[in-house]
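Enquirer: whatever this is, show me its structure:
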Amino acid sequence: MSKRYVKELSSVLEHLVRDACYTFPTLRKEFERDLLRLRSLIDSRGLHFFVVDLPAAGKHLDQCLSAGEYKRSGLPCTRAVSGRVVIPVLLRGLYLLVFDEKGSLLEDASIEAIFFLRQILCFAKKTEIECPQRAKDREILEFVELDNSLPEISDFWSGDSGSLDQVPSTSFRSFGDRDPELYEFLGNLDTVSGILASTLGAYHPEEWKHRHGPGAISEVTGPTNKYLWRNWSDRLERQFPIADCGYHNFSSWAGCADDSEVGSYDPSSRLISVPKTYVRPRLIAAEPSEHQWCQQNLWHYFCSQARGTWIDEFCRFRDQTVNQDLCLRGSWSGDLATLDLSSASDCVTPKAVEALFQVNPHLLACLAACRTRSVVLPSGEVHMLRKFATMGSAVTFPVESLLFLCVALTSVITTRSLKISSRNIGTLAGQVAVFGDDIVVPVDSWELCARALRCLHFKLNANKSFVTGRFRESCGVDAFRGQVVTPVYWKGLCTGKPDSVAMTQAVHKNLVERFLMHTASYIAQTLTRRRRLPIVKAESGVISLYSRTTTDLSGFRTRWNNDLMCEQVRLPTLLSRQLRTQVNDDSAVFQFFTESPSPFIHWRSGVQQRPVLRMQDRWVSLHQLFAQQ
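Expert: Numbers count the residues shown, from 1 in each chain. Have a look, this model is predicted:
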C-alpha cells in the first residue's frame, strides 16, 4: 500500500513542480534540478518524506514568514545552499523570490512564490492514511498523562449526586496568581463571564430539543436502536427526568417502567482513534447514548441563545467566516494575532467551567449530570477523567469556545483599561473572534491572553500561532499580506470507490480554482481511468470534471421528458443511501416526533445503517444543470 501512495504522491509532486515552472518560466533550470533532488529524497525516505518531512519544512516556512527572516532548521529537506547562503538548496529559486541570500524577508516578496512553496511542501499534509500502531499508542499515553496532570476535581463533578444545592461557588480568581496584572485580569474575567452567562439566559431542558448526534455511542460498535433506552443513571435522572426527556409521552414511559429494563449505573465512554495525519491520530470518545441525548439538548440551547446576541459577533458555532475574515485582515494590517492551542478540549477543567457559568447554577448542574466521568481505553482499562469532557461530547465545543471568548475579550479590556460593560464589549467586534481553539485577538493583547490561558492550564501551540510579521492562520485559511496562500491538499488514492471518487473530484475542483492546471489534468486522468466524465462549470451533483470556462456533455445520451417538459442528459451521479432496519415497538413513534420529518418525503422509522455511497447513471435536467452556473 505504501508503494502505491509513494508512486501517486511522486506523480502529484512532479506535476506541482511543472505548474510552478509554468508560473515562473525563468526558473526552469532550477526546477529541473529540484526534480532530481526530490526523486533522490523520495528514493531514500519513501512515504515519510511526503507526510512528515515536507510538512515540517512547510511549518518552518510559516514561522519564518511570521518572523520576517529565514533561519536554518536542520530539517531533512532544508539543507542550506552554503555557510553564507542560509536558504535551502531544494526549491532555491522560489525561496529567493521571498527571502534574500542572508534570509531576510524581501519587501516585495512574491505572493505566488509563497503559495507554490507552501503548496509543494504541504500538499500531502492531510493525506488520509492509517497511522502506525505505535503512533496510536503514543497518542493514548499522552492523552492519559495530560489528563492526570490536570487538578483533581470536586465531588460535584465526580460524585453521584450533582444536585443543584451542591453547585460550588467558584471564581476565576481562585486560580490565583501573584502577578498583580494577572490577578486583575482574573477578576475582570469573572465579570465578563457573568455578562456572557447572563446573556445566554436561564437553561431549562424542556425548552430545547433532545436528539441523537451523528457519532458512535459507547454501548455498541454497530447500528443499534438509539431510541430504546438501556440505561439512565440516577445522576442524570435528577436533572433530566427520563419520563420527561426520554419518551414521547408518559404512557410510553410507564410501559417501559413496568418492564424494568432500564439500568441506573454510571456509564463510561469508549476511546477510539480516527485518522488525522500519518504522524498522529485523532482521539474521540464515543459517548453513552443517554448522555449524547442530553448533551445535544444543551448544544441546542447554546446555539440558539447565542444567536442574535453580541456573542454572535465574536463566536458562531456553525460558521468559521468571522475568524477567516479577521485572519485575512490581520495578515494585511498586522494588528491582529491568530492563536492556536494544543489539545485544547483535553485541558478544559471542570473548575474553569464552574467559574464560567457561576451565575447559572442550574446550567452547571445539568452539565455535571450529562458529563461522562470515565473512559474505557483501547486496552480495556477504565480511566477516571479530570477534564471537563472529551472530544465526542456535544458540549465540549460550545463550552470551550465560550470560555476562550471570555478570555480573549478580557485580555483586550484589561490591556486597554476599558470599563467592563456590554457596550464596550460590543465595540471589540471585528477585533476578536473565536471558533473552538482558534482565537483571534489584537496584537497588543495577545501576550496577556496567552499568560491567562496558561494560568487556566492551556498550552499555546507555537507552531500554529502567529503574532509578528504578515502571516496568519485560522480556521483553514492561511494568509500572507491580505492574500490567501492556503494550499490544495491531496487526500488519498482514487480507487474507483464512490467515496474516493467524491474526494478526488473535490481535489480536482480546488486545483482548477487555483489554476494548477498540470496537476488538475493529472488528477483528472485518475478520475477518468474507468469511465468518461462530463465537464461542467459549477456544482451540479454529478460526477464530473470541473472547468472554469466550458461545459462539455458530448457523447452522453439526451432525451426530451414530456412529463417534466425539459431536456435531460444521462450522467453519472453519486447517491447516498441509508437503509433502516424496521422496529416494531413504541420507539418508532418516539423517533418520528424527534426527527420531525417533512410531510413531503417518504419517511421510515428504524435503526439507521451506515450510509452507503454509490454511483449510478441518472437523467439530469439540462436546465437545472446550466442554472447552477
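Enquirer: can you pull the contacts of the closest residue to residue 15 other than its chain neighbours?
Expert: Distances taken as C-beta to C-beta, 6 or more residues apart in numbering place residue 519 nearest to residue 15, at 4.2 Å, with adjacent residues excluded. Placement of C-beta: from N, CA and C, glycine included. Applying C-beta atoms under 8 Å, 6 or more residues apart in numbering, we find residue 519 in contact with 12, 15, 16, 18, 19, 488, 511.
Enquirer: who wins for neighbours among those?
Expert: When neighbours are taken as other C-beta atoms under 10 Å, the top entry among the contacts of residue 519 is residue 511 (27 neighbours).
Enquirer: got a list of what the residue nearest in space to the middle of the chain touches?
Expert: With distances taken as C-alpha atoms, centre = their mean, residue 475 lies nearest the centre of the chain, 7.9 Å away. Neighbouring residues of residue 475 by C-beta under 8 Å, 6+ apart: 320, 323, 324, 327, 435, 438.
Enquirer: any chance of those residues in TSV, plus pLDDT?
Expert: TSV is the format used below for the contacts of residue 475 (pLDDT from 0 to 100):
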residue	pLDDT
320	95
323	96
324	96
327	97
435	96
438	95
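Enquirer: closest to residue 603 among these?
Expert: residue 320 (31.8 Å; C-beta to C-beta).
Enquirer: for burial, what's the neighbour tally of that closest one?
Expert: 18.
Enquirer: wouldn't it be in contact with residue 434 here?
Expert: No - counting by C-beta atoms under 8 Å, residue 320 stays clear of residue 434, with 10.6 Å between them.
Enquirer: re the thing from before, narrow the contacts of residue 475 to those in strands?
Expert: 435, 438 (DSSP state E).
Enquirer: tell me which of the contacts of residue 475 is nearest to residue 378?
Expert: Nearest member of those to residue 378, counting by C-beta to C-beta, is residue 438, at 29.0 Å.
Enquirer: quick one: residue 487 is in a strand?
Expert: No - read with DSSP: H, G, I helix; E, B strand; the rest coil, residue 487 is coil and lies in no strand.
Enquirer: what about it, neighbour count?
Expert: Residue 487, neighbours per other C-beta under 10 Å, totals 23.
Enquirer: nearest residue to it in space, please, no chain neighbours.
Expert: residue 119 is the one closest to residue 487 (C-beta to C-beta, 6+ apart), at 4.2 Å.
Enquirer: just the pLDDT for the one you found.
Expert: pLDDT for residue 119: 97.
Enquirer: tell me which element the nearest residue to residue 414 once chain neighbours are set aside falls in.
Expert: Leaving aside its sequence neighbours, residue 414 sits nearest to residue 185 (C-beta to C-beta, 6+ apart; 4.8 Å). Using DSSP states H and E, residue 185 maps to helix 180-200.
Enquirer: try residue 285
Expert: Judged by DSSP H and E, residue 285 forms part of strand 282-286.
Enquirer: so where's the chain shaky on pLDDT?
Expert: 1, 160-165, 177, 257-260, 627-629 (pLDDT under 70).
Enquirer: just the helices in the stretch 451-600 of the chain please.
Expert: 498-513, 517-527, 587-595 (DSSP state H, counting those that start in this stretch).
Enquirer: distance from the second one to the middle of the chain?
Expert: Read it as helix 517-527. 28 Å (C-alpha atoms, centre = their mean, to the nearest Å).
Enquirer: can you show me the CA trace of it as PDB?
Expert: Provided in PDB are the C-alpha atoms of helix 517-527 (Å, rounded to 0.1, in the frame of the first residue of the first chain):
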ATOM      1  CA  MET A 517      -3.700  23.100 -14.400                       C
ATOM      2  CA  HIS A 518      -1.000  20.500 -14.900                       C
ATOM      3  CA  THR A 519      -1.800  18.900 -11.600                       C
ATOM      4  CA  ALA A 520      -5.500  19.100 -12.200                       C
ATOM      5  CA  SER A 521      -5.000  17.400 -15.600                       C
ATOM      6  CA  TYR A 522      -3.200  14.500 -13.900                       C
ATOM      7  CA  ILE A 523      -5.900  14.200 -11.200                       C
ATOM      8  CA  ALA A 524      -8.500  14.200 -14.000                       C
ATOM      9  CA  GLN A 525      -6.700  11.200 -15.500                       C
ATOM     10  CA  THR A 526      -7.100   9.300 -12.300                       C
ATOM     11  CA  LEU A 527     -10.800  10.000 -12.300                       C
END
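Enquirer: domain assignment for this structure?
Expert: 2-125, 133-480, 488-530, 535-627 (automatic domain parsing).
Enquirer: neighbours of residue 567, how many?
Expert: 14.
Enquirer: can you give me the strands in the stretch 151-300 of the chain?
Expert: 269-274, 282-286 (DSSP state E, counting those that start in this stretch).
Enquirer: could these go into TSV alongside distance to residue 337 and mean neighbour count?
Expert: Formatted as TSV, the strands of the stretch 151-300 of the chain follow (distance: least, C-beta to C-beta, whole Å; neighbours: other C-beta atoms under 10 Å):
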stretch	distance to residue 337	mean neighbour count
strand 269-274	30	19
strand 282-286	26	20
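Enquirer: adding distance to residue 358, write these out as a markdown table.
Expert: Formatted as a markdown table, those follow (distance: least, C-beta to C-beta, whole Å):
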| stretch | distance to residue 358 |
| --- | --- |
| strand 269-274 | 27 |
| strand 282-286 | 27 |
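Enquirer: which strands and helices sit next to the lengthiest strand in the chain?
Expert: Secondary structure of the chain per DSSP E: the longest strand is strand 566-577. The helices and strands touching strand 566-577, judged by 3 or more C-beta pairs under 8 Å, 6 or more residues apart in numbering; DSSP states H and E, are helix 498-513, strand 558-561, strand 612-621, helix 622-627.
Enquirer: and it, what's buried?
Expert: 568, 569, 571, 572, 573, 574 (16 or more other C-beta atoms under 10 Å).
Enquirer: same check on stretch 605-617?
Expert: 605, 606, 607, 608, 615.
Enquirer: for the fourth one, what are its contacts?
Expert: In other words, residue 608. Taking C-beta under 8 Å, 6+ apart, one finds 223, 578, 579, 580 in contact with residue 608.
Enquirer: list buried residues within these.
Expert: In those, nothing passes as buried (16+ other C-beta under 10 Å).
Enquirer: ok, residue 351 touching residue 152?
Expert: No - Residue 351 is beyond contact range of residue 152, at 9.8 Å (criterion: C-beta under 8 Å).
Enquirer: who's more crowded, those two?
Expert: Neighbour tally, residue 351 and residue 152, criterion other C-beta under 10 Å: the higher count belongs to residue 351, 22 against 10.
Enquirer: for the stretch 1-150 of the chain, just list every one of the helices.
Expert: 2-23, 28-45, 47-48, 54-67, 92-95, 111-122, 133-149.
Enquirer: so can I have a markdown table of those showing distance to residue 250?
Expert: Output for these, formatted as a markdown table (distance: least, C-beta to C-beta, whole Å):
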| stretch | distance to residue 250 |
| --- | --- |
| helix 2-23 | 57 |
| helix 28-45 | 66 |
| helix 47-48 | 59 |
| helix 54-67 | 57 |
| helix 92-95 | 70 |
| helix 111-122 | 57 |
| helix 133-149 | 40 |
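Enquirer: just so I know, which of those lies nearest residue 461?
Expert: helix 54-67 (10.6 Å).
Enquirer: can you tell me how far the closest residue to residue 334 other than its chain neighbours is from residue 331?
Expert: Closest residue in space to residue 334, ignoring its immediate chain neighbours: residue 470 at 5.8 Å, by C-beta to C-beta, 6+ apart. Per C-beta to C-beta, to the nearest Å, residue 470 is found 5 Å from residue 331.
Enquirer: so which of these two has more stuff around it?
Expert: A direct count of neighbours by other C-beta under 10 Å for residue 470 and residue 331 places residue 331 higher, at 28 against 20.
Enquirer: immediately after the helix or strand residue 398 falls within, which helix or strand?
Expert: Residue 398 is part of helix 396-415 when elements are defined by DSSP H and E. Proceeding N to C from helix 396-415, the next assigned helix or strand is helix 422-426, under DSSP H and E.
Enquirer: thinking again about what came up before, show me which of the buried residues of stretch 605-617 is closest to residue 136.
Expert: residue 608 (28.0 Å).
Enquirer: okay then, goodbye and thanks.
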